[in-house]
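J.: Sequence first, then the predicted structure:
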Amino acid sequence: MVISKEPVAVNDLIQRFPQLFIDSIGDLGVTFSEVAAPASATSHSAVFLATPKALAEGLLSKAKVIIIGKKSRDEAAAVRGDRTVLIASHVELAMATVINAFFLATPYTNRAQNGIHPTAVIGDRTEIAPGVRIGPNAFIGANVKISSGCYIGANAVIEDQTTIGENSVIHPLSFIGHSTRIGKRCEVHPQSVIGKEGFGYAHDEQFQHTRIPHQGCVVLEDDVHIGSCVTIDRATFGETRIQAGARLDNQIQIAHNCRIGRNSLLTSGFSVAGSTTIGANFVAGGRSVATGHVNVCDNVQIAALSGIAKDITEPGQYGGVPLVPVQQHIRIKAAMVQLPEMRKQLNRIIRKLGLDSE
Amino acid sequence: MVISKEPVAVNDLIQRFPQLFIDSIGDLGVTFSEVAAPASATSHSAVFLATPKALAEGLLSKAKVIIIGKKSRDEAAAVRGDRTVLIASHVELAMATVINAFFLATPYTNRAQNGIHPTAVIGDRTEIAPGVRIGPNAFIGANVKISSGCYIGANAVIEDQTTIGENSVIHPLSFIGHSTRIGKRCEVHPQSVIGKEGFGYAHDEQFQHTRIPHQGCVVLEDDVHIGSCVTIDRATFGETRIQAGARLDNQIQIAHNCRIGRNSLLTSGFSVAGSTTIGANFVAGGRSVATGHVNVCDNVQIAALSGIAKDITEPGQYGGVPLVPVQQHIRIKAAMVQLPEMRKQLNRIIRKLGLDSE
Amino acid sequence: MVISKEPVAVNDLIQRFPQLFIDSIGDLGVTFSEVAAPASATSHSAVFLATPKALAEGLLSKAKVIIIGKKSRDEAAAVRGDRTVLIASHVELAMATVINAFFLATPYTNRAQNGIHPTAVIGDRTEIAPGVRIGPNAFIGANVKISSGCYIGANAVIEDQTTIGENSVIHPLSFIGHSTRIGKRCEVHPQSVIGKEGFGYAHDEQFQHTRIPHQGCVVLEDDVHIGSCVTIDRATFGETRIQAGARLDNQIQIAHNCRIGRNSLLTSGFSVAGSTTIGANFVAGGRSVATGHVNVCDNVQIAALSGIAKDITEPGQYGGVPLVPVQQHIRIKAAMVQLPEMRKQLNRIIRKLGLDSE
């Protein structure tokens, strides 16, 4: 549950976000001071009910204000009692918007940190905009440029020649390698590694390995979020680039020279090998992978545990290893469970036809 | 090999742990000062032989004291010579108990650290019990509470409002996010991230993403161990909870709002999406996964590389993607290897029956 | 692109590395000052063209010096114009060698760091060779030995009794657990964990877990490179050992008591359970796994997403789960896509033969 010091007036809400709140039932003069899950809602709460399960729980809850989607209007009207019902164009977006606007700030940062902590170590010729907050024991290298509104957490390490745009948050214990370029409003969570050397070796006849130096960089465009324990390697030459608005969950691996398209959504465990280019609005299910040196067009979605092994040129939903259109993937999974039975039937047919003695 | 300064008397051992050491052969007046693997055992060693391979090696070793299971009694009696043989109810549990009681302490912590290192940075209104040890350059936020007997390693970061119960060990370079609640005798290994913001976004028509703030927390109940590079996200509302006695290996991902049951054992690479509830005594094989919003009952075990995609309501062993009972999983794997041959046979039958021209 | 202050003379190059540069076309008196990707090459550049795609681009580029393999000689000769062409025995090895010799140093380290930073904390009886560079806020425990030419990055933590051989680089925010032995010219990237306690528990009848202490260590032999977010656990007794020249990508898990053979190449996400021994020159495709207690002979390669579940005694290429020779693996994948169709055909045959009514 999140609690606001100042009560939020429903009337104000509708005026401020008219595209989000498109209809209502009941008294619009009320206020609320909490946003809660249905199970813990009180008479001071608003609840946002995006799923059928949440709707059922929320209509039985003590909440004073109920926010639902268009399709649930009649159901809510019938049982609302004296509660206020708001109809939202996008229930989750409405919830995110209201919490961000009226309740606790996100991303969370250490509120006690004002300015640069005296234990932080800053390199030569580094430019830090006024008001930037840098936590204890952070290390910032030389020739770094950090823009206004940024926050660098405790024990983070930022190597030489990196630039960070306005209002970005580098959480504690993050590592940003040299020459990385980070845009505005980006976020990097703890224990991630942005811009270390790529994994590339040349081999001799004895299969001994000589490192191929990676002197390129990593670019995070504006509004990129990076989870924890994510590794993004810098390019051999040129760039590894995460385009604007992409969101990466935890434990993701992006190898050298890849490009991840605008607004992509990569679920935990996604991994892509070197020099692959992925288009805009890509959605990767959990633990899915892509091989190196392939191109994926815009607007592709792949199921969890899937593997991209060659170019994808048609937008759509795919799944499986090997990757196929998602409907076929579902049929293959269903058939796989029947495999032992299929094998038995096949043997029966072979015996029946006398083919086993041929 | 581990070496004790004081020799351990076999008689004492039996008196102290009568439920572990249930029978013996030979002289109980002897002592030993080492616990070793069979290959490096000397005449001062005790060896604990839990597997047939270890038994074969151990009976040929130089060890003075041999600890075995009931089933190996006759074999050991025949070849023991003048060595002392102890029969244990659980050989591995006996070994773990003896090493923990008489040899090096575990978990390992920096022995030179007494009290709070002068380079550690501690926030306002934080309560640290007398005797708590905090390593160099650690950062502890405001309103944190750390109970007696705890150890916080070098360069660890603990954010505001976190509480840590008695005798817990937070290893160096760990990250504990704000408002986390950690129980007694817990352990968090280096580079893990407990309690960062969850991965949840609301989307508009242009597939632009607005973060859904995660203002809940993570709870680790008592006796929870967390490996390295583990990520556990805090809840949207409410809690992400790891119940008492659960043990998590390295590189595990637990998304927001999950619950992991008592005494669960999660092998390296296990990953679970948001809002899934898993019962007690769950055992996850390596790299297995569970999708979001499902419920798994108590006493379920899943094989390595398996994927839970819907509720499990019956205790038992399962495997595969899709997940099936483990015996069926084994048959499917066996059939899969025959697939190309099955395909050939099918084509032969089709030709034989003249079905290819239909 | 990498740029050298001093131009590199092609004649010098050939004299210095005669085994790499085995033939040439055109003027050998020229110099170059950049190594670039074909797309960004200028008239000061050398380009190394190892793939057909790079060759096509490079032959159209502005580069002054073109390095190619033997097979591309005729094609290059026909279109080179007045450019100098060098024929290399191994194009990628030649590139890696030239960049390492004439351009920016690799591995990258913080150039401003000379000697030991005053904020680093060093334990008792620790021996640090003259000239060793240690970054801000690093913590080195007691009885550690660090040899000449080493670099320890900012905020790294090295526990007691560890030894590090000459010219090794421990990047910022790395964790090296107690008693680890690291050879010469090794490299450990940020956020990796070398030598934490292994994941091993003994269980009682209530499935409560008692930790089996891991008092062994991790050994990295000479020339081992470790990526980021890699976890290598120390042995129960004895050693977990990574043999000379092995290279590990990001997000790899090596459990207690494993051995990884000489010159092995482990791609991102490889994971091996405890007590497995892997031979020399092993190549693991992305996200492949190996179970515990198995032996893999020298010269084995496994495809991405494969799983080793038993001993491999024959060198060669394997793939899949279950693991089979790679040619069979490819046939199985092809047949899997046909599974729904096979099922349909089978049902048709059963009806045709009247077997469905039996």
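T.: Received it, and whenever you're ready, just let me know what you need. Worth saying up front: this structure is predicted, and the values here are computed from it rather than measured.
J.: Now do the contacts for A:Glu127.
T.: A:Glu127 makes contacts with A:144-146, as judged by Cβ atoms under 8 Å, 6 or more residues apart in numbering or on different chains. From N, CA and C alone the C-beta is placed, and that goes for glycine too.
J.: rerun that using 10 Å as the cut-off
T.: By Cβ atoms under 10 Å, 6 or more residues apart in numbering or on different chains, the residues touching A:Glu127 are A:143-147, A:163.
J.: Just the C-alphas of stretch A:151-167, formatted as CSV.
T.: Presented in CSV, the C-alpha positions along stretch A:151-167 are these (Å, rounded to 0.1, in the frame of the first residue of the first chain):
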residue,chain,number,x,y,z
TYR,A,151,21.8,10.2,-8.9
ILE,A,152,24.8,7.8,-8.6
GLY,A,153,24.4,5.3,-5.7
ALA,A,154,26.8,4.1,-3.1
ASN,A,155,29.8,2.1,-4.2
ALA,A,156,28.9,2.5,-7.9
VAL,A,157,31.9,2.6,-10.3
ILE,A,158,31.9,4.8,-13.5
GLU,A,159,35.0,4.6,-15.7
ASP,A,160,36.7,7.3,-17.8
GLN,A,161,35.0,9.2,-20.6
THR,A,162,31.5,8.2,-19.8
THR,A,163,28.6,10.6,-20.3
ILE,A,164,25.3,10.5,-18.5
GLY,A,165,22.2,12.5,-19.5
GLU,A,166,19.8,14.4,-17.3
ASN,A,167,17.8,12.8,-14.6
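J.: one step back: can you tell me which of the contacts of A:Glu127 are up against chain C?
T.: Among the contacts of A:Glu127, proximity to chain C is found for A:Asn143 (Cβ under 10 Å from any Cβ of the partner chain).
J.: how about low-confidence regions in chain A?
T.: Applying pLDDT under 70 to chain A picks out residues A:1-2, A:4-5, A:357-358.
J.: ok, the residue nearest in space to the middle of it to chain C distance?
T.: For chain A, the residue sitting closest to the mean C-alpha position, by Cα atoms, centre = their mean, is A:Arg247 at 3.3 Å. Remark: distance between A:Arg247 and chain C (Cβ to the nearest Cβ, to the nearest Å) = 19 Å.
J.: Mark which of the contacts of A:Glu127 are buried, thanks.
T.: Buried members of the contacts of A:Glu127, scored by 16 or more other Cβ atoms under 10 Å in any protein chain shown, are A:143-144, A:146-147, A:163.
J.: got those as a markdown table, with secondary structure and distance to C:Ile212 columns?
T.: Compiled in a markdown table, the buried ones among the contacts of A:Glu127 are given as follows (DSSP: H, G, I helix; E, B strand; the rest coil; distance: Cβ to Cβ, whole Å):
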| residue | secondary structure | distance to C:Ile212 |
| --- | --- | --- |
| A:Asn143 | coil | 49 |
| A:Val144 | coil | 45 |
| A:Ile146 | strand | 47 |
| A:Ser147 | coil | 50 |
| A:Thr163 | strand | 48 |
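J.: Which of the residues you listed sits closest to chain C?
T.: Set against chain C, the nearest of those by Cβ to the nearest Cβ is A:Asn143 (9.9 Å).
J.: ok, now which ones touch the closest one?
T.: Applying Cβ under 10 Å, 6+ apart, the residues contacting A:Asn143 are A:123-127, A:159-163, A:178-179, C:112.
J.: Near chain C, which residues of the stretch 51-200 of chain A? Just list them.
T.: When proximity is defined by Cβ under 10 Å from any Cβ, the stretch 51-200 of chain A lies next to chain C at A:119-124, A:136-143, A:154-160, A:173-179, A:190-200.
J.: Return the members of those classed as buried.
T.: The buried subset of these (16+ other Cβ under 10 Å) comprises A:119-123, A:136-143, A:154-160, A:173-179, A:190-200.
J.: partners of A:Ile260 in the sheet?
T.: A:Ile260 has the following beta-bridge partners by DSSP bridges: A:Ile242, A:Ile278.
J.: count of neighbours near it?
T.: 28 (other Cβ atoms under 10 Å in any protein chain shown).
J.: likewise A:Val326?
T.: 17.
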